[in-house]
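Participant: Quick one, fold the following:
(one chain, ligands or ions: 2)
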Amino acid sequence: MADDESWRLPSTVQELAATVQEPPSRYRIPEQDPLSDQLPGAEMTEPVPTINLRRLLASDDVADEEAAKLRSALQRWGFFLVTDHGIEASLMDALIASAHEFFRKPLVEKQAYSNLIGGKQWQLEGYGNDPVKTQDQILDWSDRLHLRVEPEDERNLDRWPGHPESFRGLLHEYTVSCKRVKDGILRAMARLLELEDDGILGQFGYKGTTYARFNYYPACPRPELVLGLRPHSDVCVLTLLLMDEHVAGLQVLRDGTWYGVPPVSDRALLVNVGVSLEIMSNGMFRGPVHRAVTNSEKERMSLAMFYSTDLEKEIEPIAELLDEKQPARYKKIKFKNFVATHYDYFSKRERVIESLKI
Ligand SMILES: O=C(O)CCC(=O)C(=O)O
Ligand SMILES: [Fe+2]
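Facilitator: Ligands and ions are numbered 1, 2, ... in the order given. This next block holds a predicted model:
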């Protein structure tokens, strides 16, 4: 790479945060940008809807009550907290502690797992940041570790940190536990749509893919000037988000207002509808637009599990949901093309799904 292209390879935010008093200009949201509004976020007008998974999956009236809550949460917000999910808090704590330990390692050790092949060519998997496509791109105040965890036989273990030694085993165990939670939720959602229980799970195609993404937001000296993660909707079918227990940062857009999602202390998981499911459900479930802001004193970590269809699968409204009165509202698109287009729209801060509307 020529010297004048060094802008393509910014240093990690963690290194920056350790040295600068002010975020450099390429991290700052331009003053006239509408995004610079409301950065602190409004207080939510109601608590985040909470669904008890054990009740939701019971086989009696209790399940109906919980399903009604789920329906309302999906219609009103597109996300909810799930409790009683059966994943041990100690497993979650250990995995997050292990990830923190990884992020605390010296840069050279972390770079052994870099998402830049040969030190320059960007790929999705590994440790690093978003691709930098243009010199004037505004960068997010966060570093990531992004790993494909399913299908299990397609893991690229050379990108999985070998230190701390506990990391790989814990991530494997967490992946197995989360799968059960995701399956339960998608079955309950299928019932809400009056589909067979496997009506949504059956849409993942030959090889559904799961990515785990550890988002690490170092403390920022001027949180009012930057975003930790720019506004987006998740492109997948469903996301299970393990938020930082102590530090707030996630915000959700509803009717033009950004609401701050408070941290939760009981290791509940935040479930987010992705745009693939918005299309499959023919717009019945909406994938909420969200973003993350930073904190002046505290670092923050979140762990997202993204559940996506096979890359070759066509994403389209599920046939059983359509009739003369309810025609398809979206055109079909192959998931791999959807992902590629999503990233183009993402950098322009638009929702790719708008381009698929019929
Ligand atoms: O850090 C968060 O709370 C949000 C993360 C997120 O939205 C994502 O990874 O897609
Ligand atoms: Fe997200």
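Participant: Pull the contacting residues for the residue most central in space within the chain.
Facilitator: The centre of the chain sits closest to Ala304, judged by CA atoms, centre = their mean, with a distance of 4.8 Å. By CB atoms under 8 Å, 6 or more residues apart in numbering, the contact list for Ala304 reads Ala212, Arg213, Asn215, Asp234, Thr239, Leu240, Leu241, Leu242. (C-beta placed from N, C-alpha, C; glycine too.)
Participant: does the fifth one count as helix, strand or coil?
Facilitator: Under DSSP: H, G, I helix; E, B strand; the rest coil, Thr239 falls in the strand class.
Participant: Over to the first one?
Facilitator: Here Ala212 takes the strand state, with states given by three-state DSSP.
Participant: That one and Leu238: what is the separation?
Facilitator: 14 Å (CB to CB, to the nearest Å).
Participant: Just the buried ones from the contacts of Ala304, in ChimeraX syntax?
Facilitator: In ChimeraX, this line selects whichever of the contacts of Ala304 come out buried by 16 or more other CB atoms under 10 Å:
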select :212,213,215,234,239,240,241,242
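Participant: Mind picking the lowest-pLDDT entry from the contacts of Ala304?
Facilitator: pLDDT across those is lowest for Asp234, at 94.
Participant: Show the backbone phi and psi for that one.
Facilitator: Main-chain dihedrals, Asp234, degrees, to the nearest 10: phi -70, psi 140.
Participant: Could you name the helices and strands sitting against the least confident helix or strand in the chain by mean pLDDT?
Facilitator: Counting by mean pLDDT, DSSP states H and E, the chain has its least confident helix or strand at helix 335-348, which shows a mean of 79. Applying 3 or more CB pairs under 8 Å, 6 or more residues apart in numbering; DSSP states H and E, we find helix 335-348 packed against helix 275-280, strand 314-315.
Participant: same thing but at 10 Å, please
Facilitator: strand 229-232, helix 275-280, strand 300-308, strand 314-315, strand 333-334 (3 or more CB pairs under 10 Å, 6 or more residues apart in numbering; DSSP states H and E).
Participant: quick one: which of the ones you listed is nearest ligand 1?
Facilitator: With respect to ligand 1, and counting by CB to the nearest ligand atom, the nearest of the helices and strands packed on helix 335-348 is strand 300-308 at 3.4 Å.
Participant: So which residues on the stretch 251-358 of the chain come close to ligand 1?
Facilitator: His290, Ala292, Ser302, Ala304 (CB under 6 Å from any ligand atom).
Participant: Generate a PyMOL selection restricted to the buried subset of those.
Facilitator: Those of these that count as buried under 16+ other CB under 10 Å are selected in PyMOL with:
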select buried, resi 290+292+302+304
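Participant: Make TSV out of the residues of the stretch 251-358 of the chain next to ligand 1 and add distance to Pro317 and pLDDT.
Facilitator: Formatted as TSV, those follow (distance: CB to CB, whole Å; pLDDT from 0 to 100):
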residue	distance to Pro317	pLDDT
His290	24	94
Ala292	30	97
Ser302	31	98
Ala304	25	98
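Participant: can you redo the residues of the stretch 251-358 of the chain next to ligand 1 as TSV with distance to Pro106?
Facilitator: As requested, those are exported to TSV (distance: CB to CB, whole Å):
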residue	distance to Pro106
His290	32
Ala292	26
Ser302	23
Ala304	26
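Participant: Out of the residues of the stretch 251-358 of the chain next to ligand 1, which is nearest to Tyr174?
Facilitator: Ala304 (12.1 Å; CB to CB).
Participant: what about that closest one, distance to Val273?
Facilitator: The value you get for Ala304 to Val273, if CB to CB is used, is 13 Å.
Participant: shared neighbours of these two, anything?
Facilitator: Asp234, Cys236, Thr239 (CB atoms under 10 Å, 6 or more residues apart in numbering).
Participant: so which of those residues also contact ligand 1?
Facilitator: Answer for the shared contacts of Ala304 and Val273 near ligand 1 (CB under 6 Å from any ligand atom): Asp234.
Participant: What segments of the stretch 101-250 of the chain are helices?
Facilitator: 107-111, 167-192 (DSSP state H, counting those that start in this stretch).
Participant: With distance to ligand 1 and mean pLDDT added, can I get those in TSV?
Facilitator: Shown next, in TSV, are the helices of the stretch 101-250 of the chain (distance: least, CB to the nearest ligand atom, whole Å; pLDDT from 0 to 100):
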stretch	distance to ligand 1	mean pLDDT
helix 107-111	19	96
helix 167-192	14	98
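Participant: Packed most tightly, which of those helices would that be?
Facilitator: The highest mean neighbour count among the helices of the stretch 101-250 of the chain, using mean count of other CB atoms under 10 Å, belongs to helix 167-192: a mean of 19.
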